[in-house]
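Trainee: Could you look at this predicted model? Sequence included:
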Amino acid sequence: MGKTTLINEFIKDKDSIFFAASETNGKQNLCELSKAITKDGSIFPDFKTALEAVFKLAENQRIIFVIDEYPYLAGCSKGISSVLQHIIDREHQNSKLFIIICGSSVSFMENQVLGYKSPLFGRRTAQFRVKPFDFVGSREFFPNYNSRDAALAYGITGGIPLYMAKINDSLPLSENIKQGFFDTAGYFYEEPTNLIKQECREPAQYNSIISAIAGGASRLSEIATKIGNEKTSVVSGYLNTLIEIGIVKKETPFGEKNSRRTIYTVSDSMFRFWYRFVLSRFAHINGAVGQGLCLD
């Protein structure tokens, strides 16, 4: 989405400490955090000591401290949010530290960082959810495309900067789609399912629900029938999760209170394209080496 790029642009002319957590163990992340803080290569004995050192550095000067991909850090150090909470409560009046906590997992950031039950609840001064570009903004990514192809490119990428950067507008759009979506080595070939695995505990259920909606099922009962689950209350819970992470949206006619008229649509256009056209062709794609693939 461009979160790290925006943060780097913000801190480039300021005193800052930038730490990007990785999906490794606590020891490795502690080593990388220590390197970001110190200049002599020394390693702190634990995260608490490392974080206290950051606050200490900012006693007399404004320093921006960035923790990028915070969910990875929290995953390898279960109590890190509580540790950070206690240090903030103790030191915030004596320190000029400016903290930015960033993460790609929407559900984690909203529940485990911003949520009421989070140790960090009430300590934030602002929050931002970085959203995709609209069509006007995305148009600049595809200067070589006419308006029609630019609109289609926007549709299949959802306006997400990283995805739009993967489209080479010196090639026909159809060629980009073939290489990116309909090739087992393509960047988009498994991208949506990988994102679902990151955000959701039962990816198979979520994949079937998104596929059903992308295929035309719009009401709760229709979706439940199409995925073979008669318990609409269970399906509704899955839908609420998809709404929370921004993949599905719920719409009710204006002025209506009857939930039976509520419909569900896939709000992320890249997901809508992928689940409607790519997932159903997996068998063909895997066996289509050297064969033609019609995309009209």
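Mentor: Everything's here; your move.

Trainee: Wait, a strand at residue 119?
Mentor: No - assessed with DSSP: H, G, I helix; E, B strand; the rest coil, residue 119 is coil; it does not lie in a strand.

Trainee: May I have the phi/psi pair for it?
Mentor: phi -60, psi -20 (degrees, to the nearest 10).

Trainee: Please name the residues that touch it.
Mentor: Applying Cβ atoms under 8 Å, 6 or more residues apart in numbering to residue 119 gives the contacts 81-82, 84-85. Any C-beta I mention is one placed from the backbone N, CA and C, and that applies to glycine too.

Trainee: and what of residue 130?
Mentor: 1-3, 6.

Trainee: Specify which member of those residues is nearest to residue 29.
Mentor: residue 3 (18.7 Å; Cβ to Cβ).

Trainee: What about the contacts of residue 130, which are in helices?
Mentor: Per DSSP state H, helices hold the following members of the contacts of residue 130: 3, 6.

Trainee: Just the buried subset of the contacts of residue 130, please.
Mentor: Buried members of the contacts of residue 130, scored by 16 or more other Cβ atoms under 10 Å, are 1, 3.

Trainee: What is the nearest of the contacts of residue 130 to residue 114?
Mentor: Nearest member of the contacts of residue 130 to residue 114, counting by Cβ to Cβ, is residue 3, at 15.0 Å.

Trainee: Assess the claim that that closest one and residue 105 are in contact.
Mentor: No - between residue 3 and residue 105 there is no contact under Cβ atoms under 8 Å: 11.6 Å.

Trainee: quick one: the closest residue to residue 1 other than its chain neighbours from residue 170, how far?
Mentor: The spatially closest residue to residue 1, leaving aside those adjacent along the chain, is residue 130, at 4.8 Å (Cβ to Cβ, 6 or more residues apart in numbering). Look at residue 130 and residue 170: by Cβ to Cβ, to the nearest Å, they are 28 Å apart.

Trainee: next one: residue 81
Mentor: 46 Å.

Trainee: What of residue 251?
Mentor: 38 Å.

Trainee: Comparing those two, which residue is more hemmed in?
Mentor: Neighbour totals were compared for residue 251 and residue 170, and residue 251 leads with 12 against 8 (other Cβ atoms under 10 Å).

Trainee: measure the more buried one to residue 227 for me?
Mentor: 20 Å.

Trainee: How about the secondary structure of the residue nearest to residue 1?
Mentor: Strictly by three-state DSSP, residue 130 counts as coil.

Trainee: So it versus residue 141, what's the distance?
Mentor: 16 Å.

Trainee: any idea which helix or strand carries the residue nearest the centre of the chain?
Mentor: Among the residues of the chain, the one closest to the centroid is residue 104, at 4.1 Å (Cα atoms, centre = their mean). Using DSSP states H and E, residue 104 falls within no helix or strand.
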